[in-house]
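Participant: here is the input, now give the coordinates:
(chains A, B and C)
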Amino acid sequence: MTSTPSLDVRGLAYAYPDGHQALFGVDLTIGRGERVALLGPNGAGKTTLVLHLNGILAAGAGSVTVAGLPVGKKHMAEIRRKVGIVFQDPDDQLFMPTVREDVAFGPASAGLRGAALDAVVERALEKVGMAGYADRPPHHLSFGQRRRVAVATVLATEPEILVLDEPSSNLDPASRRELADVLRSLDVTVLMVTHDLPYALELCPRSLVLSEGVIAADGPTREILSDEELMTRHRLELPFGFVPGSVA
Amino acid sequence: MRDVHVPDGFINAPVSAAAGVVAAAAVAVSLRGARKELDERIAPLAGLVAAFVFAVQMLNFPVAAGTSGHLLGGALAAILVGPWTGVLCIAVVLLMQGVLFADGGLTALGVNITVMGVVTVVTAHLLFRGLQAVLPRTRGGVTAAAFVAALVSVPASAAAFTLVYAVGGTTDVPIGKVLTAMLGVHVLIGIGEAVITALTVGAVLAVRPDLVHGARGLAAPLKLRVDGELVDAAPAPAPAPSPDGGSPKKVWIGGVVAALVLAGVVSFYASASPDGLEKVAADQGIDAKADAYEHATADSPLADYGVRGIDSARLSGGLAGVIGVGLTLAAGTGVFWAARRRRAQGDTGARV
Amino acid sequence: MGAGHAHKLYRRGDSPVHGLPPHTKLVAVLGFVLVVVTTPREAVWAFAGYAALLAAVAALARVPVGFLLRRLAIEVPFVAFALLMPFVVPGEQTTVLGVAVSVPGLWGAWNILAKGTLGVAASVLLAATTELRGLILGLQRLGLPSLLVQIASFMIRYGDVVTDEMRRMSIARRSRGFEARGVRHWGVLAKSAGALFIRSYERGERVHLAMVSRGYTGTMPLLDERPADRAQWAAALALPLAALPICLLALLG
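Facilitator: A predicted model of the protein is given here:
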């Protein structure tokens, strides 16, 4: 890696105010343009880690750096623009009355107005194949469409890194493929938090395994999914009949 | 009372306007309070709680033989999210019902927000706080406090409505009879409200007690997992603890004061028979009701509207209404504010 | 269905009434209702005049009268109250169909019915011709504090989501053979209400995270500017301005 990594996390530890500790020293680096999957069982701390990436949770110990910029109060607006998080439930993400207003929310918060704003919204919706839906209310869209609009809301801020929380959950196979096509077409660093191991293999050359609040494995996705002992130890299971080595 | 939003033409213009001022002031105060409590989370949280209140009002609680009860939600909102956010949520629900569903007159919006929102939430909140201070801090104690707070909030709202009607009703009806009937019916409704509210609060307590009374655990030191072993991490630069706790004693004193004020308010409402009301009015040198009766019988009914010249009795009647509601509100807010100040100065501890 | 853009009362259309900026319509309806409320109850003809004005607006907006009348059912509880008045209000007595009733009571009932009905009808016309989002933006233009506008927007956006959750919980209950029949089942229903609250609150927290993640710092960027020109104001205010002389005549008469 020659350029500054998109994301660099060092010794990150965190406990919730109720005392429950979720992260116990996470170390990871993601280079610019990489597509990386973050795998791990329920309760491994995946969501907690994600919320540190744009400073919603403040590190108890350790540090997070996005494109060379330390995550902290000082650069918060810049960090939030650079890290685009797509949350699991598009109904949480799409909080505005229309698709257009929702996609415009991020850039408008950053001060963009008028024709420039319209152009950004159009472009973001085109990237996810939802250009004709700008004036629809989100709840009139299908689940798959809502998820793609959710991706557009984040793309509109032109992020350095796109973080997706369970992008394939609740999608039918066609929507799942459409979203994969969209993600592949994007020229942006992607960190994908998922349980969907075939989806990780399809989209991400590299995977990280988060388990008990630390990175337990880091390597090519195919190798990780083929390591039965590692998989069992971290409660990761492939779907019945799926053999990672046999997929092109 | 969900379906009994006051329509246009029920309460005369001056009193409607006065209630509008009271409602606007209460909402403004609540906005400030809620902003302090929730900072920039207020819009999504209050919005979602308002959506919840809106939805839960449609939940049918069957009583017997085809009849059913509904939750009004004022007390529930006050207990679950506090008085500030509670007032905001109910006010927004009423505003939306008025504008979107034509439910409740536009000119009666102030009356509706004051009677169904402010009075219900403030009564329930003060009573709940007061009881919490004296009852054991257990789930049973909280549930009992919720029960009583909800039980009283409904007839209190009915009494407030009667008071508003006594001052600004467009047709003079025997207020004593109305009050008796309103209180009788609403004590019954209040029992239903109380049971549902207490059960609902209990259900939330069982799963997310922090959403009800904010008991906060103490933070344990952070650990790092190094080769499977847990070692202490460098101490976190923790943000200063929010000044949200209060010593039990101070909270208790606040609670007693709140309970006393509430007792005064409730007994004022409860004793507001025609005689009582006349007495209050006479004590203040404003015998609004007697004048109103005279106007209705002796003068042209036009006088009801205070449009022919300056109708001083009506005006002073309206003034009395504003003063009465305003005083109640000010007293409630003052006690609440004082309690908050004390809590802010106290050290950390369980929030009651 | 759906409260996001369209709502129960909204009727899609492209009439001149639909086309007016929402805030002008809000002002017009409020002005009209104020005029109605100020009119003395004895001027029965004036209320007929107001009803005729509303009927004209309804015709212009192509809102069927049947639709309007059905929505008036909202008023029913107060109709009951009004109907009691002739029997409980003291004062001069008269007989109607052989029943003794009080004259002030009759006037009181008429007052509430006439004004309440006209108020509801005006509000229904507003809601029938204005999209929900427009109404909220209209309130914002009229100076409703932005925080209240935001809360209202979120309530509308998530009203359906929360109601749907409630419906799914009800289906889940019934699928397991539970049917609430009486007070003894309130515990189960209250548990659902409690769960619904927790879900709503937690969703509020998640929505907040999603907002903050996209740069929210407490103020909403105002996107939909829709100012009204003089002609639009004049068109909207035609309703209260037409009602005003009726009221003045009634006051003088």
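
Participant: okay, residue A:147: pLDDT?
Facilitator: pLDDT recorded at residue A:147 is 94.

Participant: now it: how far from chain C?
Facilitator: 13 Å (Cβ to the nearest Cβ, to the nearest Å). Using the backbone N, CA and C atoms, a C-beta is placed for each residue, glycine as well.

Participant: what's the answer for residue A:196, then?
Facilitator: Distance of residue A:196 to chain C, given as Cβ to the nearest Cβ: 21 Å.

Participant: can you pull the contacts of that residue?
Facilitator: Going by Cβ atoms under 8 Å, 6 or more residues apart in numbering or on different chains, residue A:196 touches A:166, A:168-169.

Participant: give me that answer again for 6 Å
Facilitator: Applying Cβ atoms under 6 Å, 6 or more residues apart in numbering or on different chains, we find residue A:196 in contact with residue A:168.

Participant: give me the number of residues near residue A:184?
Facilitator: Around residue A:184 there are 11 other residues, counting by other Cβ atoms under 10 Å in any protein chain shown.

Participant: so which strand or helix has it?
Facilitator: Using DSSP states H and E, residue A:184 maps to helix A:173-185.

Participant: same check, this time on residue A:231
Facilitator: Residue A:231 belongs to helix A:228-233, assigned by DSSP H and E.

Participant: show me what the one helix or strand residue C:245 maps to is packed against.
Facilitator: Using DSSP H and E, the element containing residue C:245 is helix C:230-252. In terms of contacts (3 or more Cβ pairs under 6 Å, 6 or more residues apart in numbering or on different chains; DSSP states H and E), helix C:230-252 is packed against helix C:22-38, helix C:44-60.

Participant: pick the most deeply packed of the ones you listed.
Facilitator: The highest mean neighbour count among the helices and strands packed on helix C:230-252, using mean count of other Cβ atoms under 10 Å in any protein chain shown, belongs to helix C:22-38: a mean of 23.

Participant: low-confidence stretches in the chain?
Facilitator: I'll assume chain A. A:1-2, A:247-248 (pLDDT under 70).

Participant: actually it's chain C I care about, not the one you picked
Facilitator: For chain C, the ranges with pLDDT under 70 are C:1-8, C:74-77, C:222-226.

Participant: now swap in the stretch 1-150 of chain B and tell me
Facilitator: Using pLDDT under 70, the stretch 1-150 of chain B drops low at B:1-4, B:64-66.

Participant: redo that, cut-off 80
Facilitator: Residue ranges of the stretch 1-150 of chain B with pLDDT under 80: B:1-4, B:37-40, B:60-70, B:100-102, B:136-138.

Participant: where do the strands sit along it?
Facilitator: Assigned by DSSP state E, counting those that start in this stretch, the stretch 1-150 of chain B shows strands spanning B:61-64, B:67-69.

Participant: which residue does the stretch 51-200 of chain C have closest to chain A?
Facilitator: At 4.7 Å from chain A, residue C:133 is the closest residue in the stretch 51-200 of chain C, using Cβ to the nearest Cβ.

Participant: what values do phi and psi take at the nearest residue to that residue once chain neighbours are set aside?
Facilitator: Nearest residue to residue C:133 in three dimensions, chain neighbours excluded: residue A:97, at 4.7 Å (Cβ to Cβ, 6 or more residues apart in numbering or on different chains). Taking degrees, to the nearest 10, you get phi -70, psi -30 for the backbone angles of residue A:97.

Participant: so what's residue A:97 up against?
Facilitator: Residue A:97 neighbours (Cβ under 6 Å, 6+ apart): A:137, C:133, C:157.

Participant: which residues of chain A lie near chain B?
Facilitator: A:13, A:15, A:18-19, A:24-25, A:60-61, A:214 (Cβ under 6 Å from any Cβ of the partner chain).

Participant: so can I have JSON lines of those showing secondary structure and neighbour count?
Facilitator: Listed next are the residues of chain A next to chain B as JSON lines, based on DSSP: H, G, I helix; E, B strand; the rest coil; neighbours: other Cβ atoms under 10 Å in any protein chain shown:
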{"residue": "A:13", "secondary structure": "strand", "neighbour count": "23"}
{"residue": "A:15", "secondary structure": "strand", "neighbour count": "23"}
{"residue": "A:18", "secondary structure": "coil", "neighbour count": "12"}
{"residue": "A:19", "secondary structure": "coil", "neighbour count": "12"}
{"residue": "A:24", "secondary structure": "strand", "neighbour count": "23"}
{"residue": "A:25", "secondary structure": "strand", "neighbour count": "22"}
{"residue": "A:60", "secondary structure": "coil", "neighbour count": "24"}
{"residue": "A:61", "secondary structure": "strand", "neighbour count": "22"}
{"residue": "A:214", "secondary structure": "strand", "neighbour count": "21"}
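
Participant: what is the nearest of those to chain C?
Facilitator: Closest to chain C, out of all of these and judged by Cβ to the nearest Cβ, is residue A:18, at 14.3 Å.

Participant: before we move on, the earlier item: let's have the contacts of residue A:97 in CSV, adding secondary structure, distance to residue C:26 and neighbour count.
Facilitator: Putting the contacts of residue A:97 into CSV (DSSP: H, G, I helix; E, B strand; the rest coil; distance: Cβ to Cβ, whole Å; neighbours: other Cβ atoms under 10 Å in any protein chain shown) gives the following:
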residue, secondary structure, distance to residue C:26, neighbour count
A:137, coil, 21, 25
C:133, helix, 14, 22
C:157, helix, 20, 27
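
Participant: okay if I get these as CSV plus distance to residue B:100?
Facilitator: Below are the contacts of residue A:97 laid out as CSV (distance: Cβ to Cβ, whole Å):
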residue, distance to residue B:100
A:137, 15
C:133, 11
C:157, 13
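
Participant: with respect to chain B, which of the residues you listed is nearest?
Facilitator: Closest to chain B, out of all of the contacts of residue A:97 and judged by Cβ to the nearest Cβ, is residue C:157, at 7.5 Å.
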